[in-house]
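K.L.:
from the sequence below, what's the structure:
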Amino acid sequence: MPSMNRRAFLASSSAALCATSGCIALGSSPTPAHWVTVYLKDTAEPHDVSVTVNDGSGEVLFENDYRLSDSNEADEDAPFLESTDPETIIVTVDGTQFERDWPGFEQPQLPCDGPNSSGIEVWVDISPDGTSEIRLEADCQHVTME
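P.N.:
The predicted structure follows:
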């Protein structure tokens, strides 16, 4: 059985680590509830893409910027924490903004079962005339926090 000094040391070390790197609350799962994957469909030109996911109160749950091109055409499975309840997805492609609802139970594959979490695939397509379009697809898969 460890001594009280060892326990005190471990507790203070854990507290310091949590203060500097963040912690998941006791009893919560380290598995994220949601994830975002962004794909750029066939295009030779690089494009600036940002994805923001907000909850019902407008709080940002997930936000990421991408520079996508033929050589870097995907960013897969970026997770965000289980304590979130996504409602709105805002995708900006080269300055053009698209706003969509987070997919819900009306999607045949949702809700997810077992260790899988729900997420979205954002497909960015640039037409020959240079206008951008997006397509969102809901999916379930197992993604872990890095």
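K.L.:
hey, let's count contacts and neighbours off CA atoms from now on
P.N.:
Will do.
K.L.:
in this structure, which helix or strand is least confident?
P.N.:
helix 4-21 (a mean of 35; mean pLDDT, DSSP states H and E).
K.L.:
pLDDT below threshold where in the protein?
P.N.:
1-32, 82-83, 105, 145-146 (pLDDT under 70).
K.L.:
which residues of it fall in strands?
P.N.:
With strands called from DSSP state E, the chain shows them at 34-40, 47-55, 60-68, 74-80, 86-93, 96-101, 117-126, 132-141.
K.L.:
out of the ones you listed, nearest to Pro111?
P.N.:
Proximity to Pro111 (Cα to Cα) singles out strand 117-126 among these, at 7.1 Å.
K.L.:
neighbouring strands of the closest one in the sheet, and parallel or not?
P.N.:
Counting by DSSP bridges, the strands paired with strand 117-126 are strand 34-40 (parallel), strand 132-141 (antiparallel).
K.L.:
quick one: contacts of the first one?
P.N.:
Outside of strand 34-40, the residues within contact range by Cα atoms under 8 Å, 6 or more residues apart in numbering are 68-70, 73-82, 117-125, 143.
K.L.:
at 6 Å what do you get?
P.N.:
The contact list for strand 34-40, computed with Cα atoms under 6 Å, 6 or more residues apart in numbering, reads 73-80, 117-124.
K.L.:
ok and that strand relative to strand 47-55, angle-wise?
P.N.:
160 degrees (axes from the mean of the first three to the mean of the last three Cα atoms, to 10 degrees).
K.L.:
the last one now?
P.N.:
Computed by the same axes, to 10 degrees, the angle separating strand 132-141 from strand 47-55 equals 50 degrees.
K.L.:
run through who's touching strand 132-141.
P.N.:
Taking contacts as Cα under 6 Å, 6+ apart, the residues outside strand 132-141 that touch it are 112, 116-126.
K.L.:
turn those residues into JSON lines, including neighbour count.
P.N.:
Listed next are those as JSON lines, based on neighbours: other Cα atoms under 10 Å:
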{"residue": "Cys112", "neighbour count": "17"}
{"residue": "Asn116", "neighbour count": "18"}
{"residue": "Ser117", "neighbour count": "22"}
{"residue": "Ser118", "neighbour count": "23"}
{"residue": "Gly119", "neighbour count": "28"}
{"residue": "Ile120", "neighbour count": "20"}
{"residue": "Glu121", "neighbour count": "18"}
{"residue": "Val122", "neighbour count": "21"}
{"residue": "Trp123", "neighbour count": "16"}
{"residue": "Val124", "neighbour count": "25"}
{"residue": "Asp125", "neighbour count": "18"}
{"residue": "Ile126", "neighbour count": "18"}
